[in-house]
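Chemist: Here is a sequence together with a model predicted from it:
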Amino acid sequence: MSYSHVERAQVLAEALPYIQKYNGKTVVVKYGGNAMISDELRQAVISDIILLHLVGVRVVVVHGGGPEITEMLKKIGKESQFVDGLRYTDQETMDIVQQVLCGKVNKNLVATLNRLGGKAVGLCGMDAGLFQARQLDEKYGLVGEITAVDPQAVVDCLENGYIPVVSTVAQGVDQETAYNINADTAAAKLSMALKAEKLILLTDVRGLMMDPANENTLLPVVKLSQVPGLVKDGVIKGGMIPKVDCCVEAVRSGVKDAVILDGRIQHSILIELLSDEGIGTMLL
Ligand SMILES: Nc1ncnc2c1ncn2[C@@H]1O[C@H](COP(=O)(O)OP(=O)(O)O)[C@@H](O)[C@H]1O
Ligand SMILES: CC(=O)N[C@@H](CCC(=O)OP(=O)(O)O)C(=O)O
């Protein structure tokens, strides 16, 4: 499909009110799934983030990396175990989680952002006490429940024109260990501490659907009051439950809205933020 000059200009003009709306506002993007694995999608996400940053949006990236952790564990002959969707994390697993998230994934992401013209700084949850945590429950091993967020390091980055890129390993407050935190949960907690305008969770499905097997049943807008009913009726289930829960918590705590967005669609972040089209599920 090719566009005329006028059509191209219209797309840019359409973005103006949205750029004005989000200028100076904080948007937390949880980056993970296919959008992180496919080269093409990775470039699109990263260029979206740089563009938003350049038009004055205070973009904060919180990244996942579950598949990379699983792959590295496999290399050392360890099978991954999940309990209620959370990785069972023994000490050996925790060491790998820290190496993969804070080392490989975080630094590669920072390098790509910088290579494509951004100015990114990588932080993990232990830097400057960003995320403090205690053990969530023995049944998950060293999985943490965030007890406090000190967003100052992230704010300092934003104030100095950097794009903060955060990995979700937290410092223990109940014992001398690092804790593994689910990236959706950490992104939601950070959005709350930053009083963000918006939380975006990139995932590998269109959003919340009445029938997960049918993409035409996407629910574009879900009010918090509808969530308990959707859970009770079995519409929200499995991996969607913790995702929706942390969106609910964020919105209840003052984040204006939370969007579950399809990271498989190129430039889904730009379409969501800077156009008249809403393409995921917005919880508000
Ligand atoms: N109503 C629903 N709409 C969409 N997906 C749903 C729904 N209920 C359950 N799911 C499941 O939730 C999954 C998304 O959660 P998850 O796999 O944990 O995401 P991620 O890996 O991005 O964190 C989907 O792949 C789908 O199988
Ligand atoms: C406790 C827990 O499950 N932590 C996750 C942290 C990474 C993550 O959440 O990555 P995705 O967003 O790519 O799934 C894990 O170990 O896989």
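Modeler: Cool, the structure landed. Ligands and ions are numbered 1, 2, ... in the order given.
Chemist: Any idea which residue of this protein lies closest to ligand 1?
Modeler: Residue nearest to ligand 1 within the chain (C-beta to the nearest ligand atom): G239, separated by 2.3 Å. All C-beta atoms are positioned from the backbone trio N, CA, C, and that covers glycine.
Chemist: who's in contact with the closest residue in space to V27 that isn't next to it in sequence?
Modeler: With sequence-adjacent residues excluded and distances taken as C-beta to C-beta, 6 or more residues apart in numbering, V27 is closest to K198, at 4.7 Å. Applying C-beta atoms under 8 Å, 6 or more residues apart in numbering to K198 gives the contacts Y22, K25, V27, V28, S191, V255, K256, D257, A258, V259, L273.
Chemist: can we see that at 10 Å?
Modeler: 22, 25-29, 57, 191, 250, 255-259, 272-273, 282 (C-beta atoms under 10 Å, 6 or more residues apart in numbering).
Chemist: Now stretch 210-225: average pLDDT?
Modeler: Regarding stretch 210-225, the rounded mean pLDDT is 95.
Chemist: Check stretch 257-276 too.
Modeler: Mean per-residue pLDDT for stretch 257-276: 94.
Chemist: picking up where we left off before, which among the contacts of K198 count as buried?
Modeler: 22, 26-29, 57, 191, 250, 255, 257-259, 272-273, 282 (16 or more other C-beta atoms under 10 Å).
Chemist: quick one: low-confidence parts of this protein?
Modeler: Low-confidence segments of the chain (pLDDT under 70): 1.
Chemist: So which residues on it come close to ligand 1?
Modeler: Counting by C-beta under 6 Å from any ligand atom, the residues of the chain close to ligand 1 are 32-33, 85, 184, 203-205, 208-209, 212, 235-240, 243.
Chemist: just those that are near ligand 2?
Modeler: Among the residues of the chain next to ligand 1, the residues that sit close to ligand 2 (C-beta under 6 Å from any ligand atom) are G32.
Chemist: Could I have the buried ones of the residues of the chain next to ligand 1 as PyMOL selection syntax?
Modeler: Buried residues within those, by 16+ other C-beta under 10 Å, are selected in PyMOL with:
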select buried, resi 32+33+184+203+205+208+209+235+236+240+243
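Chemist: Mind checking which of the residues of the chain next to ligand 1 land in helices?
Modeler: Residues of the residues of the chain next to ligand 1 located in helices (DSSP state H): D184, M240, K243.
Chemist: separation between V55 and V251?
Modeler: V55 is 25 Å from V251, where distance means C-beta to C-beta, to the nearest Å.
Chemist: cool, and L123?
Modeler: Distance from L123 to V251, by C-beta to C-beta: 25 Å.
Chemist: Got phi/psi on the residue of the stretch 51-200 of the chain found nearest ligand 2?
Modeler: Closest contact between the stretch 51-200 of the chain and ligand 2, by C-beta to the nearest ligand atom, is at G64 (2.3 Å). Backbone torsions for G64, taken as degrees, to the nearest 10, come to phi -90, psi -150.
Chemist: Surely it touches K30?
Modeler: Yes. Counting by C-beta atoms under 10 Å, G64 touches K30, with 6.9 Å between them.
Chemist: Spit out the residues that contact the two alike.
Modeler: Counting by C-beta under 10 Å, 6+ apart, the shared contacts of G64 and K30 are T168, N182, A183, D184, A186, A187, L201, L202, T203.
Chemist: Take these and keep only those in strands.
Modeler: In strands, defined here by DSSP state E, the members of the shared contacts of G64 and K30 are L201, L202, T203.
Chemist: follow-up on the earlier one: what sits closest to the residue of the stretch 51-200 of the chain closest to ligand 2 if chain neighbours are left out?
Modeler: Using C-beta to C-beta, 6+ apart, the closest residue to G64 is G32 (3.0 Å).
Chemist: quick one: contacts for the one you found?
Modeler: 62-67, 105, 183-184, 187, 201-204, 263.
Chemist: Mind checking which of these are buried?
Modeler: Looks like those have 62-67, 105, 183-184, 187, 201-203, 263 buried, using 16+ other C-beta under 10 Å.
Chemist: E71: neighbour count?
Modeler: E71 is flanked by 12 other residues according to other C-beta atoms under 10 Å.
Chemist: helix or strand for it, which one?
Modeler: According to DSSP states H and E, E71 maps onto helix 66-75.
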